[in-house]
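# below is the structure, and that's it, no one-letter string:
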RNA sequence: CGGGGCGUAGCGCAGUCUGGUAGCGCGCUUGGUUCGGGACCAAGAAGUCGGAGGUUCAAAUCCUCUCGCCCCGACCA
């Protein structure tokens, strides 16, 4: 591509509405432009990156035995009503009516549609297993879209769905997708971890997230420094303590804490460490109030609490709800004598001498003995995992914390959709059975953002070769005839060899071309200038390196093409590692 | 949904408190000089000041309503 004819509107200054690195560089580099909150145009450069990522995904999905399909964006409400999600899915689901008044939504995910597709034309176990995928725009009306492509409302996603006759087949499909995902992200040059995850609104019983490690990530993950256990903190287990971590003794004693409501205030006032306290949180679980207890220095894991209760929905009770359920304002709620179900973190098992709210305004109680003084409905691992926790798997290593960007997610669904929607087949024994499903998503556009978060410097993007908009950028430094001729010739020869070349033939000063090249981030740069050309040399520089090297102009096409091929091969080989 | 911020030329911003002829930098156009890390000089083009209503002799500026965007949090694959 000749730069002079390309549509690559770069910006010198940081756009006012971008904060996160990938967002800033994608706008500055002319990859994307915003159309509305969380909704973007892809300019030529951005679209090339998306297509590169899509191609890698297609190759690996096909290789894993999946077949590509395309489902519509507009989905009739009936399917969603049938699955039960029309009511459950909140305002994130964009709904509208057609001219006849029939209700539709724009698909935020496509379990319903794929189930309809498969059940209509699959009758026998002989036709299973099947694995179908699509790459298509999704729409989720996020409350707060942010950071450019990191969390958009409209975004491009690869979603795949597997259908098997039994659980063991479905688990094989799951494993094969898990494997394919690893290959995909390695080929994209990403540093990632596969972590155990919560199944969330999609539902199901087994799930892994693929998290790209980056400071700007929204997800907190922990991974063992000894074994390969890694998990989203929402899902992370921690070893059940073998002995009480809160100790002391004596009879219950009420103390005045007139204005001390928070853990910090109480610990400062009574001069005790936070771990000596019991934090009592009131939640509303499916309409019923419950209390959750964790040690004063810990944070509650809401996902774990929801599971322990077996509730569909939980939320932290509002002040008025706390008062109604416990008779006291937040800050003085305590577990002793509570009339509502009490769920205690198992770290509090056997706790003695603990301090907690007294259930009476302006007072706390000392020497709480959990076994003696509190009616515990259930003990469970309720706190959020933390850095330094003992690994629950190997029991040797400890957790290290990471921030991650979720670029992929695999779910084992079982019959969550196939049963209610009657996606069934006739098995060998003549019985009708629901298919066992899995679903597998990859955020295509989010990969582009994640790749930049991981590969950039102060001047711009440093694309991995496999997903770069172009593989080589040629810069003609001057406008004189010799330089032009050499640049034109290299451009023609590389293009003929199938290399994707951006040729900066603009009538700009060298500085401007270098700046734009760094910003755009094409991995390999060839600068052609009068000075070195006199000696028959061209200047070669990797975007990731600081310094250039000189190569002979005569053999340049072969040499550059060879370097590109080698780098592509290196990333491909990583997939097999 | 709660809190905060911002809408003025294509982009980045000043001007708003204290009403009185709409400005600066970049970019763009033309001419000239330049040419290895975002050149310089000169001359230009370009703005319903987010929108509606109101107050006033007069509104970017004051008042009311409204739309949009960003950030933090809550929430969420």
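It's in. Note that this is a predicted model, so its numbers are computed, not measured. Numbers count the residues shown, from 1 in each chain, chains lettered A, B, ... in the order given.
# and residue A:75, how many neighbours?
20 (other CB atoms under 10 Å). Yep, even glycine has a C-beta here, placed from its N, CA and C like the rest.
# distance of residue A:11 relative to RNA strand B?
Distance, residue A:11 to RNA strand B, by CB to the nearest atom of the strand, to the nearest Å: 5 Å.
# which one is that residue nearest to, not counting chain neighbours?
Nearest non-adjacent residue to residue A:11, counting by CB to CB, 6 or more residues apart in numbering: residue A:28, 4.5 Å away.
# likewise residue A:81?
Nearest non-adjacent residue to residue A:81 (CB to CB, 6+ apart): residue A:87, at 7.9 Å.
# next: residue A:234.
residue A:303 is the one closest to residue A:234 (CB to CB, 6+ apart), at 4.2 Å.
# what kind of secondary structure is the one you found in?
helix (DSSP: H, G, I helix; E, B strand; the rest coil).
# next one, pLDDT for the residue nearest to residue A:11 please.
With respect to pLDDT, residue A:28 scores 93.
# contacts only, for it.
Neighbour list for residue A:28: A:10, A:11, A:12, A:13, A:14, A:15, A:460, A:519 [criterion: CB atoms under 8 Å, 6 or more residues apart in numbering].
# repeat that for residue A:456.
A:21, A:22, A:25, A:462, A:521.
# at 10 Å what do you get?
Shown in contact with residue A:456 (CB atoms under 10 Å, 6 or more residues apart in numbering): A:21, A:22, A:24, A:25, A:462, A:463, A:521.
# for it, give its distance to RNA strand B.
13 Å.
# just list whatever residues bridge to that residue.
Listed beta-bridge partners, residue A:456: residue A:461 (assigned using DSSP bridges).
# please enumerate the helices of the stretch 101-250 of chain A.
A:111-121, A:167-187 (DSSP state H, counting those that start in this stretch).
# in a markdown table: those, plus mean pLDDT.
Formatted as a markdown table, the helices of the stretch 101-250 of chain A follow (pLDDT from 0 to 100):
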| stretch | mean pLDDT |
| --- | --- |
| helix A:111-121 | 93 |
| helix A:167-187 | 93 |
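# who wins for proximity to RNA strand B among the ones you listed?
helix A:111-121 (11.2 Å; CB to the nearest atom of the strand).
# residues of the closest one that come out buried?
A:111, A:112, A:113, A:114, A:115, A:116, A:117, A:118, A:119 (16 or more other CB atoms under 10 Å).
# show me what contacts the fourth one?
This means residue A:114. Contacts of residue A:114 by CB under 10 Å, 6+ apart are A:69, A:71, A:130, A:132-134, A:159-163, A:417, A:423, A:437, A:439.
# wait, the residue nearest to residue A:234 sits on residue A:237?
No. Using CB atoms under 10 Å, residue A:303 is not in contact with residue A:237; the gap is 11.6 Å.
# more neighbours: which of the two?
Between residue A:303 and residue A:237, counted using other CB under 10 Å, residue A:303 has the larger neighbour count: 20 against 15.
# how about the most centrally placed residue in chain A, phi and psi?
The centroid of chain A falls nearest to residue A:406 when counting by CA atoms, centre = their mean (1.2 Å). Backbone torsions for residue A:406, taken as degrees, to the nearest 10, come to phi -80, psi 110.
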